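Enquirer: Need coordinates for the following:
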Amino acid sequence: MLDFFKTDISILILFIINIVLLVGLIISNARINNINKSTKEFLKKLGDGKDIKEDLNKYIERIIDLEVALSETNTHCNKIEHQMKQCVQKVGVVRYNAYKDSGKDLSFAVALLDEKNNGVVFNGIYSREMSNIYAKPVINGKSDYTLIEEEQQAINKATNDENTKV
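Expert: Below you'll find the predicted structure:
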């Protein structure tokens, strides 16, 4: 009979422990529900009455859109930068008097060069009877054609003078 009593007491103790655990579980669930409710109210206050989760999702979408736009802008800028290397960046101008009887310095030499000193040099020769303009290609600051002194001066101005860069 003692064994029977011990068994009933142990069952009774286990039953009481289960009841205590059940009450603890109910109290914990009530507290969690209160915390969730107060957190939702707090988040609504942060979102000016709206759900802050929606605001955060909208901001995340905007950030993703901005990242895409930034990537496209960087690609476009890199393309422009590459193209700029081949554009006229350096200019040199020299005015001179080609013929002693023509009066003022009405003839000119103009060098138009890119970043690598490639481009063209124009020479406009003025006389009272006519005017002629010649163009000579320039590669790396030199031309395969014979250059007159003024054309070479225009190239030198374009390649050396910081004030002539476009």
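Enquirer: all strands for this structure, in order.
Expert: 90-96, 107-113, 119-126, 131-138 (DSSP state E).
Enquirer: Longest helix in this structure, please.
Expert: helix 2-46 (DSSP state H).
Enquirer: Please work out which of the strands of the chain is packed deepest.
Expert: strand 107-113 (a mean of 24; mean count of other CB atoms under 10 Å). In short, each C-beta sits where N, CA and C put it, glycine included.
Enquirer: Indicate which one of the strands of the chain is closest to residue 59.
Expert: Of all the strands of the chain, strand 90-96 sits nearest to residue 59, with 46.9 Å by CB to CB.
Enquirer: Could the C-alpha coordinates of the closest one be exported in PDB?
Expert: Output of strand 90-96 as PDB, limited to C-alpha atoms (Å, rounded to 0.1, in the frame of the first residue of the first chain):
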ATOM      1  CA  LYS A  90      43.600  71.500 -76.500                       C
ATOM      2  CA  VAL A  91      43.600  74.500 -78.800                       C
ATOM      3  CA  GLY A  92      46.500  76.600 -80.000                       C
ATOM      4  CA  VAL A  93      46.200  79.700 -82.100                       C
ATOM      5  CA  VAL A  94      48.900  81.700 -83.800                       C
ATOM      6  CA  ARG A  95      48.200  84.800 -86.000                       C
ATOM      7  CA  TYR A  96      50.900  85.900 -88.400                       C
END
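Enquirer: quick check: angle from that strand to strand 119-126?
Expert: Taking axes from the mean of the first three to the mean of the last three CA atoms, to 10 degrees, strand 90-96 and strand 119-126 form an angle of 20 degrees between their directions.
Enquirer: about what we covered before: could you dump the strands of the chain to TSV with distance to residue 44?
Expert: Output for these, formatted as TSV (distance: least, CB to CB, whole Å):
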stretch	distance to residue 44
strand 90-96	63
strand 107-113	65
strand 119-126	66
strand 131-138	70
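Enquirer: tell me the domain boundaries of the protein?
Expert: Domain assignment for the chain by automatic domain parsing gives 1-46, 52-84, 90-164.
Enquirer: for the helix or strand bottoming out on mean pLDDT in the chain, packing partners?
Expert: Within the chain, no helix or strand scores below helix 2-46, which has a mean of 84 by mean pLDDT, DSSP states H and E. Secondary-structure packing of helix 2-46 (3 or more CB pairs under 8 Å, 6 or more residues apart in numbering; DSSP states H and E): helix 52-84.
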